[in-house]
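**Student:** Sequence first, then the predicted structure, then my questions.
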Amino acid sequence: MIQVQTILKVADNSGGRIGQCIRIIGKSRAKTAQVGDIITVSIKKSRPHRKIKKKDVCLAVVLRTKFGIRQKNGMKISFGENACALLTNRKDKAPMGTRIFGPISTRELRDNGFMKCVLLARSSI
């Protein structure tokens, strides 16, 4: 579960390294976000000479959570870190980067319409 003020790793090559959740979008009065939810992220650390700089505010989709996901078939998946991928805009749901690093849960992202993120990821669960 991702709450406001949660620190996340940016898992794509857009330029951000570490982000902090400042708002959960799409759910009214939601306190937590799961895999596949859109959040607003403030970039706390970035890579030099890239498009995304420190203090930028961007939209992101949650890719991994430490808390874990309970799937419909009864399986529980949990990851070792909280991670997100930055998005270009809310309508297209297209990632800003051209690669996504680390494993992702394809079922939740596919259900929420993030097919481009699923295709860019190297490993999926």
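**Tutor:** Thanks, I have the structure now.
**Student:** Gly26 against Asp37, yeah?
**Tutor:** Yes: counting by C-beta atoms under 8 Å, Gly26 touches Asp37, with 6.3 Å between them. Where you see a C-beta, it was placed from the backbone N, CA and C, and this is true even at glycine.
**Student:** Let's see the lowest-mean-pLDDT helix or strand in the chain as CSV, backbone CA atoms only.
**Tutor:** The helix or strand of the chain with the lowest confidence, counting by mean pLDDT, DSSP states H and E, is strand 121-124 at a mean of 88. What follows is strand 121-124, C-alpha atoms only, in CSV (Å, rounded to 0.1, in the frame of the first residue of the first chain):
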residue,chain,number,x,y,z
ALA,A,121,9.1,-4.4,-18.8
ARG,A,122,11.7,-7.2,-19.1
SER,A,123,10.3,-9.5,-16.4
SER,A,124,6.8,-10.0,-15.3
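**Student:** what's near enough to touch Leu8?
**Tutor:** By C-beta atoms under 8 Å, 6 or more residues apart in numbering, the contact set of Leu8 is 2, 18-21, 41, 60, 62, 82-84.
**Student:** and Leu119, that one's in a strand?
**Tutor:** No: using DSSP: H, G, I helix; E, B strand; the rest coil, the assignment for Leu119 is helix, not a strand.
**Student:** Distance of it relative to Thr32?
**Tutor:** Look at Leu119 and Thr32: by C-beta to C-beta, to the nearest Å, they are 27 Å apart.
**Student:** More neighbours: the two, which one.
**Tutor:** Using other C-beta atoms under 10 Å, the more surrounded residue of Leu119 and Thr32 is Thr32, with 15 against 11.
**Student:** In this model Ile24 seems to touch that one, though I could be wrong.
**Tutor:** Yes: here Thr32 lies in contact with Ile24, judged by C-beta under 8 Å, at a distance of 7.3 Å.
**Student:** just checking, Val61 touches Phe114?
**Tutor:** Yes: shown here, Val61 and Phe114 form a contact pair, counting by C-beta under 8 Å, at 5.7 Å.
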